[in-house]
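Peer 1: predicted structure and sequence below. I'll ask about it afterward.
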Amino acid sequence: MTITVATLGFPRIGPRRELKHALEAHWAGKIGEAELLDAASGLRTAAWARQKALGADWLPSNDFSLYDHVLDTSVMLGAIPERYRSADGEAGLATYFAMARGTTGDDHGACSHGSVTACEMTKWFDTNYHYLVPELVAGQKLALNRLKIVDEYREAKAQRYETRPVLLGPVTWLSLAKGRGVDPFDYLDEVLGLYSVILGHLAQVGAEWVQIDEPVLVLDLDDKQRRALTRAYARLSRSGPKLMLTTYFGGLGENLSFAAALPVAGLHVDLVRAPEQLDAVLKAAPKSLLLSLGVIDGRNVWLADLDALLARIEPIAATRDLVLAPSCSLLHVPVDLALEKKLDPEVTQWLAFAVQKIEELALLKRALNNGRGSVAGELAEASQAAASRKASPQVHNPQVRERVAGVTAAMEARQSEIGVRTAAQAAVLGLPAFPTTTIGSFPQTGEVRNARARFNRGELDAAAYEAFLREETERTIAWQEEIGLDMLVHGEFERNDMVQYFGEQLSGFAFTINGWVQSYGSRCVRPPILFGDVSRPKPMTVAWWRYAQSLTEKPVKGMLTGPVTILNWSFVRDDQPRAESCRQIALAIRDEVTDLEAAGCKAIQIDEAALREGLTLRRKDWAGYLDWAVAAFRLSAAGVGDATQIHTHMCYSEFNDILPAIGAMEADVISIETARSQMELLEGFAAYRYPGAIGPGVYDIHAPRVPGEAEMVSLMRLAQAHLRPEQLWVNPDCGLKTRNWAEVKPAIEGMVAAARTLRAG
Ligand SMILES: CN1c2c(nc(N)[nH]c2=O)NC[C@@H]1CNc1ccc(C(=O)N[C@@H](CCC(=O)N[C@@H](CCC(=O)N[C@@H](CCC(=O)O)C(=O)O)C(=O)O)C(=O)O)cc1
Ligand SMILES: N[C@@H](CCS)C(=O)O
Ligand SMILES: [Zn+2]
């Protein structure tokens, strides 16, 4: 039987974020289109060469994107909203970036001065990658644009790489689309017509197979989606290349027999998230269907258990051809572990990034084709690494275990109910009606980043770096006081990222130097690696809070990232349940919370930006997740007295489904994203009779646009229609780190003026 190795997609940003640097240079006007496209083409070539050299038989093409693959698909289909049509007269690069970022943005988002807003951006399934939401309006004219997928297939072929182009499936694309006055699925036949043409073109230029991604198949599907899938694949299977129907991020569940019966030539299944589906898949999939087994984790960084995998695959490989692959695209893991020179060698031996994952697949293939004996040395090395991880004292800390075992229900509960707490806090804080605050970060300017980079390179000593950060903090506190904000923040200048900063200070986490993963466009994150039991060796934020508070009489919020968000935005342990890891992090954050309180901090914000996105993809699993996630937040927060005000912040707005869980967090104040949705979200909070205070964001920080005072007043008046005035705070809808001071200053000044107007009645 034939065993082959596939990758479903390789990281696009390059080993050293070459794409980010090229994109940002282009947006800054430092390099032209040609130079940007050259850089992109260099990255593609390097990725093909690398994957081939590592032993991949099926190389992907069109997995590369200058910004986002969902946007690429929208542009390919001509789903370009009218407001972008004039950006370059045709659907070229200027139009593409206008859709991604707005026309004058230095980030993603909308633009001022009569220019266009960017497309909406949201999370790709349960990842920290963001895609641009396709938009469809009534009367939309769809038509094929430049066929990037064909161009990139040919580009590879010209370099003698035979590739399997990656195409986002039509039903997933339509499911992600937002219809304005129209149901996106009304466009199904039109979209299928265009997909048929694309597949025809691919066949013409020689593509034998196409990888067609339909991750919606792992979700709860409705009848419309099922009908659409049936219709789509009946039609597309006649269009030319063989189709590898690719599913990931979960098991097919009740969609399995349906998916296996679609008239496609191959089916890829995720056996990392859903290993239990293998037997059912084998039963459902006729031998004529080429099975692609996603056996190596594309969402995490641990070495695979190769012996166990071989034991599972060997009997199958004796009976049918198989493709071995990562569970999903490698987009979600860093490029190359070999670039990490500063990681603890003990931890390093347990890890695999994209490059190492392809090596693992190649090794599995060799073992299956030539017998385990042919790779005995490598297998022994891998199992030795796994054994070292299991036994390592770095991983297992009995004190942490003991402490977690001792957690009681009382530790997860605030002392008194919200009414009592609110009164106690009012007495201590003495805030006016409609108190104003911000979410935590102020602009991470080039100067701030540069100072940190110089400090990290040893060009700036610790004292000079600290002095620089103190100056930034001092200036920011003085400005906040001057403009009359009521509750101040220190600005988070000392933080590289709201998760990484904590990962770097907690035991049980390792962090990388080059382990970048794309979050959106040119923006990347380095998720910390949670490898062991978590504890907090010493306070992490108290000194910065203390310094900031020493500069002002106004209350300064303590600023922390919550346990669920730290968990969801890290690479986490696969040797214990996520809930267990989360509880350990919660205890570490609880220590920080109580230390802040002991230092005199009267209001502490525990950000849970990722609580909503951490929801499991299937509804049936929501309650289980929310139970432990909310309990972890409560454990982190509830160590304080009634008079200490606990804030939380969530910047993604689809909360209506989970309001009881948000209520159960028992935060005193929650700040949320609402600016773009005209406060609609508050209807849900009102209907649920949310008892705490709410800061509905009045300034959409995702856009460089500066909102006027009147606009913010009218948003707050809309909020007043839903909530009691004494429940309302006035704040932006997220941190200001990606903005610049020229936007932030007038926007926040306007916000303070808006609060004054509201107080005047
Ligand atoms: C709120 N969001 C976050 C998410 N996930 C996180 N982990 N963090 C978040 O804040 N998810 C959802 C949203 C939106 N997502 C993002 C993701 C990323 C950014 C962002 O701004 N990323 C920065 C990198 C941040 C960082 O780690 N900075 C470091 C390193 C800076 C750097 O690149 N230095 C250069 C040298 C610079 C110089 O010499 O001048 C280098 O090392 O080469 C730091 O500040 O120290 C990005 O630029 O991509 C925002 C929202
Ligand atoms: N405190 C963080 C939250 C972002 S979600 C910030 O202000 O950047
Ligand atoms: Zn936020």
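Peer 2: Nice, thanks for sending it over. Ligands and ions are numbered 1, 2, ... in the order given.

Peer 1: what does the stretch 451-600 of the chain have sitting close to ligand 2?
Peer 2: 498, 559 (C-beta under 6 Å from any ligand atom). Every residue, glycine included, has its C-beta placed from N, CA and C.

Peer 1: for the stretch 451-600 of the chain, give me the ranges with low pLDDT.
Peer 2: For the stretch 451-600 of the chain, no stretch has pLDDT under 70.

Peer 1: all helices of it, in order?
Peer 2: In the stretch 451-600 of the chain, the helices defined using DSSP state H, counting those that start in this stretch lie at 462-483, 500-503, 542-550, 563-568, 578-598.

Peer 1: how about these in CSV, adding distance to ligand 3?
Peer 2: As requested, these are arranged in CSV below (distance: least, C-beta to the ion, whole Å):
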stretch, distance to ligand 3
helix 462-483, 18
helix 500-503, 15
helix 542-550, 19
helix 563-568, 10
helix 578-598, 17
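
Peer 1: most tightly surrounded among those?
Peer 2: helix 563-568 (a mean of 29; mean count of other C-beta atoms under 10 Å).

Peer 1: about what we covered before: so which of the helices of the stretch 451-600 of the chain gets nearest residue 747?
Peer 2: Closest to residue 747 of the helices of the stretch 451-600 of the chain, according to C-beta to C-beta: helix 462-483, at 10.9 Å.

Peer 1: sorry, back to before: can I get the helices of the stretch 451-600 of the chain in JSON lines including distance to ligand 1?
Peer 2: Shown next, in JSON lines, are these (distance: least, C-beta to the nearest ligand atom, whole Å):
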{"stretch": "helix 462-483", "distance to ligand 1": "11"}
{"stretch": "helix 500-503", "distance to ligand 1": "6"}
{"stretch": "helix 542-550", "distance to ligand 1": "15"}
{"stretch": "helix 563-568", "distance to ligand 1": "8"}
{"stretch": "helix 578-598", "distance to ligand 1": "14"}
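
Peer 1: nearest to residue 369, of these?
Peer 2: Per C-beta to C-beta, nearest to residue 369 of the helices of the stretch 451-600 of the chain: helix 578-598, 35.9 Å.

Peer 1: partners of the helix or strand residue 295 falls within, with directions?
Peer 2: Residue 295 belongs to strand 290-296 when assigned by DSSP states H and E. Strand 290-296 has the following strand partners under DSSP bridges: strand 266-270 (parallel), strand 322-326 (parallel).

Peer 1: residues in contact with it: which ones?
Peer 2: Residues from elsewhere that reach strand 290-296, judged by C-beta atoms under 8 Å, 6 or more residues apart in numbering: 6, 8, 244, 246, 248, 265-272, 278, 281-282, 285, 304, 309, 313, 320-328, 352, 357, 360-361, 364.

Peer 1: would you reformat the strands paired with strand 290-296 as TSV and include mean neighbour count and distance to ligand 3?
Peer 2: TSV is the format used below for the strands paired with strand 290-296 (neighbours: other C-beta atoms under 10 Å; distance: least, C-beta to the ion, whole Å):
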stretch	mean neighbour count	distance to ligand 3
strand 266-270	26	29
strand 322-326	27	30
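
Peer 1: mean pLDDT and distance to residue 704 added to those, as a markdown table?
Peer 2: Rendered in a markdown table, the data for these read as follows (pLDDT from 0 to 100; distance: least, C-beta to C-beta, whole Å):
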| stretch | mean pLDDT | distance to residue 704 |
| --- | --- | --- |
| strand 266-270 | 98 | 38 |
| strand 322-326 | 98 | 37 |
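
Peer 1: redo those strands as TSV? Include distance to residue 479.
Peer 2: Listed next are the strands paired with strand 290-296 as TSV, based on distance: least, C-beta to C-beta, whole Å:
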stretch	distance to residue 479
strand 266-270	49
strand 322-326	48
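
Peer 1: is it true that residue 4 touches residue 324?
Peer 2: Yes: between residue 4 and residue 324 a contact is recorded at 7.2 Å, counting by C-beta atoms under 8 Å.

Peer 1: is it true that residue 561 touches residue 498?
Peer 2: Yes: Residue 561 lies in contact with residue 498 (C-beta under 8 Å); the separation is 4.9 Å.

Peer 1: of these two, who's got more company?
Peer 2: Taking neighbours as other C-beta atoms under 10 Å, residue 561 and residue 498 compare with residue 561 leading, 30 against 23.

Peer 1: figure out the helix or strand that the closest residue to ligand 2 within the stretch 1-150 of the chain lives in.
Peer 2: Closest to ligand 2 within the stretch 1-150 of the chain is residue 128: 11.8 Å, counting by C-beta to the nearest ligand atom. Here residue 128, judged by DSSP H and E, is contained in no helix and no strand.

Peer 1: for residue 309, same thing?
Peer 2: Per DSSP H and E, residue 309 falls inside helix 306-317.

Peer 1: show me what that helix is packed against.
Peer 2: strand 290-296, strand 322-326, helix 354-370, helix 376-391 (3 or more C-beta pairs under 8 Å, 6 or more residues apart in numbering; DSSP states H and E).

Peer 1: so which of those is nearest residue 741?
Peer 2: For residue 741, the closest of the helices and strands packed on helix 306-317 is helix 354-370, at 37.1 Å, according to C-beta to C-beta.

Peer 1: quick one: contacts for whatever residue of the stretch 301-450 of the chain ends up closest to ligand 2?
Peer 2: Residue nearest to ligand 2 within the stretch 301-450 of the chain (C-beta to the nearest ligand atom): residue 440, separated by 2.8 Å. If a contact means C-beta under 8 Å, 6+ apart, then residue 440 has 489, 491, 492, 498, 557, 559, 605, 607, 649, 735 as its contacts.

Peer 1: isn't the fourth one up against residue 504?
Peer 2: No: counting by C-beta under 8 Å, residue 498 sits too far from residue 504 to count as a contact (11.8 Å).

Peer 1: what's near enough to touch residue 192?
Peer 2: 170, 231, 232, 235, 236.

Peer 1: how about the secondary structure of it?
Peer 2: For residue 192, the assignment made with DSSP: H, G, I helix; E, B strand; the rest coil gives helix.

Peer 1: any idea how far it is from residue 147?
Peer 2: Look at residue 192 and residue 147: by C-beta to C-beta, to the nearest Å, they are 16 Å apart.

Peer 1: go on, residue 708?
Peer 2: 43 Å.

Peer 1: of those two, who's got more company?
Peer 2: residue 147 (17 against 14).

Peer 1: do I have it right that that one meets residue 78?
Peer 2: No: when contacts are counted by C-beta under 8 Å, residue 147 is not listed as touching residue 78 (11.4 Å).

Peer 1: out of everything not next to it in sequence, what's closest to whatever residue of the stretch 651-761 of the chain ends up closest to ligand 3?
Peer 2: At 2.8 Å from ligand 3, residue 651 is the closest residue in the stretch 651-761 of the chain, using C-beta to the ion. Of all residues beyond its chain neighbours, the one nearest residue 651 is residue 734 (4.1 Å), with distances taken as C-beta to C-beta, 6 or more residues apart in numbering.

Peer 1: what of residue 401?
Peer 2: Nearest one to residue 401, counting by C-beta to C-beta, 6+ apart, is residue 533 at 6.6 Å.

Peer 1: who's in contact with the one you found?
Peer 2: So residue 533 contacts 395, 396, 397, 400, 401, 507, 508, 584 (C-beta under 8 Å, 6+ apart).

Peer 1: which residues touch the residue nearest to the spatial centre of the chain?
Peer 2: In the chain, the centroid-proximal residue (C-alpha atoms, centre = their mean) is residue 128; its distance is 0.9 Å. In this structure, residue 128 makes contact with 517, 519, 525, 527, 568, 569, 610, 613, judged by C-beta under 8 Å, 6+ apart.

Peer 1: residue 355 now?
Peer 2: Taking C-beta under 8 Å, 6+ apart, we find residue 355 in contact with 50, 54, 335, 336, 337, 338.

Peer 1: also residue 219?
Peer 2: 250, 617, 618.
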